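Participant: got a sequence here, can you model it:
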Amino acid sequence: MMTTNGYFRFQLGEFACLCLSDGSHDYPMQTFFTNAPEAELKAALHQYNLPTDYITTPYTNLVVDTDDRRVLVDLGAGALAPRTGKLLQNMHAAGIPPNSIDSVLITHAHPDHIGGMLNDSGTLNYPNAAYYISKVEWDFWFSEHALQKAPEMFVTIARNSLKPVQERVHLIEQDQEIIPGIHTILAAGHTPGHMVIAFCSGNQYLLYTSDTVLHPLHLEHPDWLPIYDLLPEQAAASKHTVFNLAAERRALVIGQHFHPFPSLGHVIRKGNGWHWLPVADIEN
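Facilitator: Predicted coordinates:
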């Protein structure tokens, strides 16, 4: 494994993998833990030497080279926030030309996952790629229901980002292998069509869990909820399905917003939840 400030290389069987930083953002504490008892939350944050008044999260994306495909998972936030929009520069620093990406997998259409679809001139940053997204997710963001469930800004960004790939998008309707060794897992709740991406090579397993949970403390305290889950009951069910699978398979896991970058590690069962082991702790 090799890391720099903006990217982190590792191997999964025969797959060459690269975590890429799109930057980071500070969130108000209450948006990540809407129902956590204040004293318990502060104690948990102190335990990990984390601030108690805000959450700083990385935005971590993934490139995987298989035998014949170069796959990008999610598109970054673009200019959404002051410290985001670094995906392309870190991709270039790692020696990955954007036009070499032939497959883009979109876990869901929140702004921090698709905000980097287009460049400043309004053309695609990944012009040679096919795009994959859940059909439920696609249909949701183009529906009137989206305006009732999500902030108008989210809907506008989703529609403006997705429309340019309408002619080259593959809509996923079930858990399936979309590329040899790469499977989609429907994990609704955070959004109606949220997906997890599973990679398997040489009996090694990696789950890009995207926003199934937003913070490692959501693993240790499964009942603590973020404000961003549109369908909380479905999100809770998906959380148990995905992280039980991760623990049973002893899979590598990328939690897209898990601090610190590269947001890579393992989960183990702990009580009625799970415990996060970052890759740095595993190596040490």
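Participant: in contact with residue 271, which residues?
Facilitator: residue 220 (C-beta atoms under 8 Å, 6 or more residues apart in numbering). To be clear about C-beta, it is placed using only N, CA and C from the backbone, and glycine gets the same treatment.
Participant: ok, the strand or helix carrying residue 274: who's next to it in the sheet?
Facilitator: Element membership for residue 274, per DSSP states H and E: strand 273-278. Sheet pairing for strand 273-278, assigned by DSSP bridges, gives strand 264-270 (antiparallel).
Participant: quick check: buried residues in the strand it pairs with?
Facilitator: 264, 265, 266, 267 (16 or more other C-beta atoms under 10 Å).
Participant: for the residue nearest to the second one when sequence neighbours are not counted, grab the count of nearby residues.
Facilitator: Spelled out, it's residue 265. Closest residue in space to residue 265, ignoring its immediate chain neighbours: residue 278 at 4.2 Å, by C-beta to C-beta, 6 or more residues apart in numbering. Residue 278 has 20 neighbours, counted by other C-beta atoms under 10 Å.
Participant: what about residue 77, helix or strand, and which?
Facilitator: Residue-wise, residue 77 maps onto no helix or strand under DSSP H and E.
Participant: from what I can see it touches residue 23, true?
Facilitator: Yes. With contacts counted by C-beta atoms under 8 Å, residue 77 reaches residue 23, the gap being 7.1 Å.
Participant: intersection of neighbour lists for these two?
Facilitator: With C-beta under 8 Å, 6+ apart as the test, residue 77 and residue 23 both reach 59, 84, 85.
Participant: does the residue lying closest to the first one once chain neighbours are set aside fall in a helix, a strand, or a coil region?
Facilitator: With sequence-adjacent residues excluded and distances taken as C-beta to C-beta, 6+ apart, residue 59 is closest to residue 22, at 4.0 Å. Secondary structure for residue 22, judged by DSSP: H, G, I helix; E, B strand; the rest coil, is strand.
Participant: could I get the buried residues of strand 264-270 in CSV, plus columns for distance to residue 126 and pLDDT?
Facilitator: CSV is the format used below for the buried residues of strand 264-270 (distance: C-beta to C-beta, whole Å; pLDDT from 0 to 100):
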residue, distance to residue 126, pLDDT
264, 23, 98
265, 27, 97
266, 30, 97
267, 30, 98
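Participant: just the closest of the residues you listed to residue 18, please.
Facilitator: Set against residue 18, the nearest of the buried residues of strand 264-270 by C-beta to C-beta is residue 264 (10.9 Å).
Participant: and the buried residues of strand 264-270 as CSV, adding distance to residue 205?
Facilitator: Below are the buried residues of strand 264-270 laid out as CSV (distance: C-beta to C-beta, whole Å):
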residue, distance to residue 205
264, 13
265, 13
266, 11
267, 12
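Participant: show me which of the residues you listed is closest to residue 209.
Facilitator: Using C-beta to C-beta, the buried residues of strand 264-270 come closest to residue 209 at residue 267, 9.2 Å.
Participant: quick check on the spatially most central residue of the chain: phi, psi?
Facilitator: Note on the chain: the residue nearest the mean C-alpha position is residue 210, at 2.4 Å, using C-alpha atoms, centre = their mean. When read as degrees, to the nearest 10, the backbone of residue 210 gives phi 50, psi -120.
Participant: from residue 45, how far off is the residue lying farthest from the centre of the chain?
Facilitator: For the chain, the C-alpha farthest from the mean C-alpha position belongs to residue 39; by C-alpha atoms, centre = their mean, that distance is 29.0 Å. From residue 39 across to residue 45, the span is 11 Å (C-beta to C-beta, to the nearest Å).
Participant: before we move on, what about residue 85?
Facilitator: From residue 85 to residue 45 the distance is 28 Å (C-beta to C-beta).
Participant: one more: residue 32?
Facilitator: Residue 32 sits 11 Å away from residue 45, going by C-beta to C-beta.
Participant: ok, these two, which is more surrounded?
Facilitator: The neighbour comparison of residue 32 against residue 45 (other C-beta under 10 Å) goes to residue 32, with 23 against 19.
Participant: before I go, just wanted to say thanks for your time.
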